[in-house]
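>>> Have a look at this prediction, sequence included:
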Amino acid sequence: MKIAIAGSGALGCGFGYHLQKSGEDVTLLDNWEQHIEKISNDGLNITVNGVEDNLKMKMCRPNELNEEMDAIFVFTKSMGLKSMMESIDHIIGPDTKVICLLNGLGHLKTLENYVDKKNIIMGTTVWTAGIDAPGITHFNGQGPVELQNSDPNEKEGALLIVDMLHKSGLNGVYSDNVNYTTWRKACVNGTMNALCALLDSTIEEVFSTSTIDSMLSGIVTEFATVARLQDDIELDIEETITYLKNLAEKVGAHYPSMHQDLANNRPTEIDFLNGAVAEASKRFGIEAPYCQSVTDLIHAKEDIMGIHSAPTK
Ligand SMILES: NC(=O)C1=CN([C@@H]2O[C@H](COP(=O)(O)OP(=O)(O)OC[C@H]3O[C@@H](n4cnc5c(N)ncnc54)[C@H](OP(=O)(O)O)[C@@H]3O)[C@@H](O)[C@H]2O)C=CC1
Ligand SMILES: CC(C)(CO)C(=O)C(=O)O
């Protein structure tokens, strides 16, 4: 398959690497000049679960790729999705599948402005990744990648992508309810990402604090309330907290992507996570004190660091 990775940061490079290694025709797309130059000249240096490798890969800016793709994986930050979709319009054909595994809420609505719903595949992943320097990344864990077609008639297309991910070692799994999966992943990020960023800690450190239980319960309860009111998704709070604790044991050494954003002086995705839940709660006339405080604290940290948040829409 001809595949473009639209947004080739930490996760995008890891996915592109695995797909190319298993024989797919991959092009990495990004706008970060030094990163493009390094990968184009020296190949991608990547460490996967402790094993170092170097792979020659095609990489350019979105406007420099001039053919329609069979599949495009979007891997921008949430606030960069809209502008990336505008800049890849010319490589989306009538049958191009667009797969979105971003963290955060509300991305399907954005994608529907650019892609026919029959070609949109939504999902989540718990692979962990980071950028060590331009052209040098790491990628850890076992996944999975859970995904589902947005149009109920298009299951076959989603299964093809699941199969391709499976063959490339990315552990693709078909989800029967990707809305549920997305809300559960939002709980992962609404707790792990926000708390690790605020406390400047790894997941393991945050999950071994004496206050973790009340923080998890407060945040997850607010996410679950909005999931039910807004999307008719029933998240079992106890089950979700157990899922978070089990995941924390597997990815404990990781600094979540929101922590990495602050460390790299870049805006966070908080408005698509706790911020989105706080805003939705206001619309429903209910309070979300945990999510509102976490969002305010993250924005305060961005202000102190002089980081300018990109517009969320
Ligand atoms: N990292 C992880 O472990 C996980 C991440 N996710 C989610 O996946 C999506 C992509 O995340 P991730 O791959 O971590 O994002 P990265 O921050 O690694 O990369 C995203 C984009 O940010 C720009 N960028 C990043 N670092 C720099 C820098 N130092 N200087 C200039 N530009 C930079 C690049 O885009 P450009 O220059 O073109 O703007 C890049 O394509 C997000 O929604 C994230 O929440 C989900 C699961 C795990
Ligand atoms: C779950 C976790 C923490 C790693 O997959 C993540 O989504 C992130 O770092 O943003």
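All right, it came through fine. Ligands and ions are numbered 1, 2, ... in the order given.

>>> could you pull out the strands for the protein?
With DSSP state E, the ranges of strands along the chain come out as 2-6, 25-29, 44-48, 51-55, 58-60, 71-74, 97-100, 120-125, 128-133, 136-140, 145-149, 172-174.

>>> Those strands: which one's closest to ligand 1?
Put simply, out of the strands of the chain the one that sits nearest ligand 1 is strand 128-133, at 4.1 Å, with distance taken as CB to the nearest ligand atom. C-beta: built from backbone N, CA, C; applies to glycine.

>>> Say whether ligand 2 is contacted by the closest one.
Yes: Strand 128-133 comes into contact with ligand 2 (CB under 6 Å from any ligand atom), by way of Thr128.

>>> Show me what that strand is packed against.
Strand 128-133 makes packing contacts with helix 10-21, strand 136-140, helix 257-263 when contacts are defined by 3 or more CB pairs under 8 Å, 6 or more residues apart in numbering; DSSP states H and E.

>>> Any idea which residue of the stretch 151-300 of the chain lies closest to ligand 1?
Among residues of the stretch 151-300 of the chain, the one nearest ligand 1 by CB to the nearest ligand atom turns out to be Ser257. It sits 3.8 Å away.

>>> Neighbours of that residue, how many?
Using other CB atoms under 10 Å as the criterion, Ser257 is surrounded by 22 other residues.

>>> my guess is it meets Asn193, correct?
Yes: contact between Ser257 and Asn193 holds when scored by CB atoms under 8 Å: they sit 6.4 Å apart.

>>> Spell out which residues are contacts of both of those two.
Shared contacts of Ser257 and Asn193, defined by CB atoms under 8 Å, 6 or more residues apart in numbering, are found at 103, 269.

>>> Pull the residues that contact stretch 293-303.
The contact list for stretch 293-303 (CB under 8 Å, 6+ apart) reads 190, 194-195, 197-198, 219, 258, 262, 267-268, 270-271, 274-275, 278, 308-309.

>>> Flag every residue of the stretch 101-250 of the chain that's near ligand 1.
Applying the criterion CB under 6 Å from any ligand atom, the portion of the stretch 101-250 of the chain that neighbours ligand 1 consists of 102-104, 125, 128-129, 131.

>>> Write the PyMOL selection for whichever of those are buried.
One line in PyMOL is enough to select the buried members of those, burial here meaning 16 or more other CB atoms under 10 Å:
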select buried, resi 102+103+104+125+128+129+131
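
>>> Relative to ligand 2, which of the residues of the stretch 101-250 of the chain next to ligand 1 is nearest.
Of all those, the one sitting nearest ligand 2 is Thr128; the distance, using CB to the nearest ligand atom, is 4.3 Å.

>>> Just give the number of residues close to Lys109.
Here the number of neighbours of Lys109 (other CB under 10 Å) works out to 9.

>>> err, Asp25, not the other one
For Asp25, using other CB under 10 Å, the count is 13.

>>> was I right about it contacting Lys2?
Yes: contact status for Asp25 versus Lys2: in contact at 4.9 Å, counting by CB under 8 Å.

>>> Relative to Gly285, how far out is the residue nearest to Glu37 when sequence neighbours are not counted?
Here the nearest residue to Glu37 in space, its sequence neighbours aside, is Pro134; by CB to CB, 6 or more residues apart in numbering that works out to 7.5 Å. Distance check for Pro134 against Gly285: by CB to CB, to the nearest Å, it reads 47 Å.
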